[in-house]
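In: take a look and give me a structure for this.
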Amino acid sequence: MPMNTPAMTPHPAGAAANTPPRPRAGPWKRAWRRLIRRRSALLGAAVVLGFIVLALGAAWIAPQDPIATSWGAIRKPPSAEHWFGTDDIGRDVFSRVIWGTQASLLAGVVSVSISLLLGIPIGLAAGFLGGWVDALISRITDAFLACPFLILAIALAAFLGPSLTNAMIAIGVSATPVFVRLTRAQVLNIKVEDYIEAARAVGNPPWRIALRHILPNIVAPLIVQSTLAIAAAVIAEASLSFLGLGQQPPAPSWGSMLNTAKNFVDNAPWMAIWPGLSIFALVLAFNLLGDGLRDALDPRQGP
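Out: Numbers count the residues shown, from 1 in each chain. As a prediction, this is how the structure comes out:
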């Protein structure tokens with residue numbers, strides 16, 4: 001009778017040798033893994049997301065009309081009816097803080113978008129073309145950078161006229177030189193790489209090399225700088241509104257709320273505390289997120 005022979009099991013070493021290697025994770029996946037390991041960055045992202053929810057859902061979240069006055073509730077302290085108290089003409093501070101989130105986030109995002117749209121093409125042209133184009137753009141950029149960012153934004157906003165739209169334009173133009181210089185520096189580093197020389201050797205036109213091979217490889221530092229620039233733009237918008245050059249009353253803005261509250265700090269400190277804490281929390285959150293993105297997108301970091 002033939003005996004049943006046991007099935008032959010492959011040697012573990014042989015199995016390992018025959019197993020195809022797993023593909024390496026892409027750079028964006030590795031960056032995501034590094035980002036989620038940084039608790040401060042996740043905290044910043046959560047706070048930013050919370051403010052975005054407040055801004056988008058202000059009409060449903062705010063318990064009262066932010067511009068409705070009540071002469072019987074002037075400078076009332078925080079209570080069950082008015083969680084953050086009321087201001088000098090009886091408006092609910094909690095509702096105004098929520099609605100003011102829209103102005104701050106809108107100013108941050110739109111201003112930085114203007115800076116990116118202006119700064120990236122100019123910096124790309126300076127770094128890629130070189131020569132007299134680079135020299136001219138660099139000298140103009142240095143001249144703008146010689147003037148403090150906030151002073152330049154105040155001057156432009158005063159020239160354009162007081163409104164939130166003009167404030168966003170002023171902030172965006174004032175922040176453009178930073179993106180011009182950053183883009184130029186990144187392009188100068190990238191354009192001497194071997195793959196750029198190979199793309200030039202096979203006959204790619206300059207515009208294709210700049211847009212197809214250089215621009216995608218400088219996105220990471222631009223993302224980090226954009227996140228940090230939004231925090232600076234939020235402060236700038238609050239400063240312009242505080243000076244009367246940004247969001248105009250009675251529309252709520254954290255800066256204009258602080259301008260009103262400065263006259264009642266002793267008698268009604270809650271009028272200044274809550275918009276001030278909101279600015280602090282939003283700016284800190286963007287800075288934490290920007291620091292986390294800088295570490296996560298750094299190719300020199302581990303997996």
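In: next, name the residue at the spatial heart of this structure.
Out: Among the residues of the chain, the one closest to the centroid is T227, at 2.8 Å (Cα atoms, centre = their mean).
In: measure that residue to L297 for me?
Out: According to Cβ to Cβ, to the nearest Å, T227 stands 11 Å off from L297. Placement of C-beta: from N, CA and C, glycine included.
In: Y195 now?
Out: Going from Y195 to L297 by Cβ to Cβ gives 19 Å.
In: when those two are compared, which one has more neighbours?
Out: L297 (20 against 11; other Cβ atoms under 10 Å).
In: tell me if I'm right that that one and V224 touch.
Out: Yes: in this structure, L297 is within contact of V224 by Cβ atoms under 8 Å, at 6.3 Å.
In: count of neighbours near N263?
Out: N263, neighbours per other Cβ under 10 Å, totals 12.
In: SS state for the closest residue to it other than its chain neighbours?
Out: In this structure, N263 finds its nearest non-sequential neighbour in D88, 7.6 Å apart by Cβ to Cβ, 6 or more residues apart in numbering. When classified by DSSP: H, G, I helix; E, B strand; the rest coil, D88 comes out as coil.
In: for D88, give me its contacts.
Out: Residues in contact with D88 (Cβ atoms under 8 Å, 6 or more residues apart in numbering) are 74-75, 260, 263-264, 268, 271.
In: ranking those by neighbours, who comes first?
Out: Busiest of the contacts of D88 [other Cβ under 10 Å] is M271, holding 26 neighbours.
In: thought N259 was touching that one, still the case?
Out: No: counting by Cβ under 8 Å, M271 does not reach N259; the two are 10.5 Å apart.
In: ok, how many other residues are close to R33?
Out: For R33, the count of nearby residues is 13 (other Cβ under 10 Å).
In: typed the wrong thing, it's A185
Out: By other Cβ under 10 Å, 15 other residues sit near A185.
In: quick check: it touching G127?
Out: Yes: applying Cβ under 8 Å as the test, A185 and G127 come out as touching, 7.3 Å apart.
In: can you give me every residue that contacts I154?
Out: Residues in contact with I154 (Cβ under 8 Å, 6+ apart) are 170, 239-240, 243, 245.
In: the one helix or strand it maps to - what's its average pLDDT?
Out: According to DSSP states H and E, I154 maps onto helix 149-160. Mean pLDDT, computed over helix 149-160, is 93.
In: list the buried residues of it.
Out: Residues of helix 149-160 classed as buried under the neighbour-count rule (16 or more other Cβ atoms under 10 Å) are 149, 152-154, 156-157.
In: stretch 204-218 now?
Out: Across stretch 204-218, burial judged by 16+ other Cβ under 10 Å covers 209-210, 213-215, 217-218.
In: straight-line length of that stretch, end to end?
Out: Stretch 204-218 has an end-to-end distance of 19 Å (Cα to Cα, to the nearest Å).
In: what about that stretch, distance to the chain center?
Out: Averaging C-alpha positions (Cα atoms, centre = their mean, to the nearest Å) puts stretch 204-218 25 Å from its chain's average.
In: can you list the residues that contact it?
Out: 120, 124, 128, 183, 186-187, 190-191, 195-196, 199-200.
In: as CSV, those residues with pLDDT and distance to A135 would be great.
Out: Converted to CSV, the contacts of stretch 204-218 look like this (pLDDT from 0 to 100; distance: Cβ to Cβ, whole Å):
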residue, pLDDT, distance to A135
I120, 94, 19
L124, 93, 16
F128, 89, 14
T183, 94, 16
Q186, 92, 18
V187, 92, 15
I190, 88, 20
K191, 85, 17
Y195, 83, 27
I196, 84, 22
A199, 84, 26
R200, 84, 23
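In: R37: which of these is nearest?
Out: Minimum distance to R37 across the contacts of stretch 204-218 is 25.7 Å, recorded for Q186 (Cβ to Cβ).
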